[in-house]
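> sharing a model that was predicted from the sequence below.
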Amino acid sequence: MTLPAVGIGLHREGRMATLTLSRPPLNILDLATLQQLERGLGALTRDPGLDLLVVRGAGERAFSAGVAVHDHVGDRIGPALSAFHGAVRQLRDLDAITLACVRGHCLGGGLELALACDLVVASEDASFGLPEIRIGVPSVIEAALLPGMVGPARAAEILLLGAPVTAAQALEWGLVNRVVPPSELEAVTQGLVESILTFAPTAVRLQKELIVRWRNTDLRTAIESGINAFAQCYATAEPREAMLAYLEKRKPRFA
């Protein structure tokens with residue numbers, strides 16, 4: 001499945017897909033792009049064979065500089081916020097592993113999309129921020145994750161000052177998983193993709209499901225969910241194949 005890169009590009013191949021925010025140079029998220037993003041992610045949520053999604057921005061200047069300013073006012077704000085919330089919710093709850101590959105500016109709605117992903121790999125020239133306060137509105141939706149991710153003081157700095165943080169700061173604060181030179185961004189991203197795709201598909205899906213549940217439940221329920229997931233894995237042949245492959249020093253072969 002391939003969608004043309006008008007607003008977003010969506011390419012599906014094998015067990016993975018790549019979603020590209022495609023309005024260079026800054027990949028601004030206007031209303032039409034947000035609606036297309038919501039539809040594209042909606043299609044992926046109904047795709048049972050998808051194990052991994054890479055989200056990236058077209059070009060080198062930005063992952064995304066956020067929602068278009070003209071969509072923050074008048075009768076456009078309601079539809080824009082609704083489409084963006086729908087897209088972020090679908091990205092966050094996708095069964096597949098999600099990986100954001102970030103180069104350049106990652107601001108506002110762009111950062112919220114990255115925060116909705118399971119893993120974030122960034123180039124050293126990337127910058128991250130929520131500048132909404134500077135145009136008279138609060139940061140919402142995935143911004144709610146910030147206090148739990150970086151702590152209340154750092155969240156307040158990002159939200160109340162509206163100034164971007166560097167990739168090095170983002171790594172130190174726990175906003176991203178890896179920071180690499182721009183020349184290595186593609187190779188490192190591809191390495192992570194290939195690593196994840198070697199794992200047992202059922203285990204990957206169940207681990208992602210547990211991560212989502214753990215965010216929204218108490219410890220006792222979380223532990224019980226983990227035990228149930230463990231049993232579900234052993235209802236398949238995947239654990240046996242993975243263990244045999246490890247002992248025989250070969251790559252596992254999953255059906």
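Good, I have the coordinates.

> low-confidence ranges, this protein, go.
Within the chain, the ranges that satisfy pLDDT under 70 run 1-6, 70-74, 76, 255.

> show me it divided up by domain.
2-197, 201-247 (automatic domain parsing).

> out of those domains, deepest packed?
Sort the domains of the chain by mean neighbour count, taking mean count of other C-beta atoms under 10 Å, and domain 2-197 sits at the top with a mean of 19. (Glycine included, C-beta is placed from N, CA and C.)

> how far is it from where the chain is centred?
6 Å (C-alpha atoms, centre = their mean, to the nearest Å).

> picking up where we left off before, the domains of the chain: which one's closest to residue 254?
domain 201-247 (6.0 Å; C-beta to C-beta).

> turn the domains of the chain into CSV, including distance to residue 253.
Listed next are the domains of the chain as CSV, based on distance: least, C-beta to C-beta, whole Å:
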stretch, distance to residue 253
domain 2-197, 13
domain 201-247, 6
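
> the residue nearest the centre of the chain in helix, strand or coil?
The centre of the chain sits closest to residue 117, judged by C-alpha atoms, centre = their mean, with a distance of 2.0 Å. With DSSP: H, G, I helix; E, B strand; the rest coil as the basis, residue 117 sits in coil.

> so it touches residue 98, yeah?
Yes. If you go by C-beta atoms under 8 Å, residue 117 and residue 98 touch, sitting 4.1 Å apart.

> intersection of neighbour lists for the two?
55, 91 (C-beta atoms under 8 Å, 6 or more residues apart in numbering).

> residues contacting residue 15?
49-52, 197, 201.

> distance check, it against residue 111.
Separation of residue 15 from residue 111 (C-beta to C-beta, to the nearest Å): 28 Å.

> next one: residue 153
Distance of residue 153 to residue 111, computed by C-beta to C-beta: 18 Å.

> then residue 232?
Distance of residue 232 to residue 111, computed by C-beta to C-beta: 34 Å.

> now residue 196
In terms of C-beta to C-beta, residue 196 sits 23 Å off from residue 111.

> next step: the contacts of residue 15 restricted to strands.
residue 52 (DSSP state E).

> pipe the contacts of residue 15 into CSV and attach distance to residue 58 per row.
Output for these, formatted as CSV (distance: C-beta to C-beta, whole Å):
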residue, distance to residue 58
49, 26
50, 21
51, 24
52, 20
197, 24
201, 29
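
> quick one, strands of the stretch 51-200 of the chain?
52-57, 62-64, 97-102, 105-107, 119-123, 127-129, 165-166, 178-180 (DSSP state E, counting those that start in this stretch).

> can you lay out those strands as TSV showing distance to residue 7?
Converted to TSV, these look like this (distance: least, C-beta to C-beta, whole Å):
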stretch	distance to residue 7
strand 52-57	12
strand 62-64	11
strand 97-102	18
strand 105-107	18
strand 119-123	22
strand 127-129	23
strand 165-166	28
strand 178-180	28
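
> of all those strands, which one is nearest residue 224?
Relative to residue 224, the nearest member of the strands of the stretch 51-200 of the chain by C-beta to C-beta is strand 97-102, separated by 23.2 Å.
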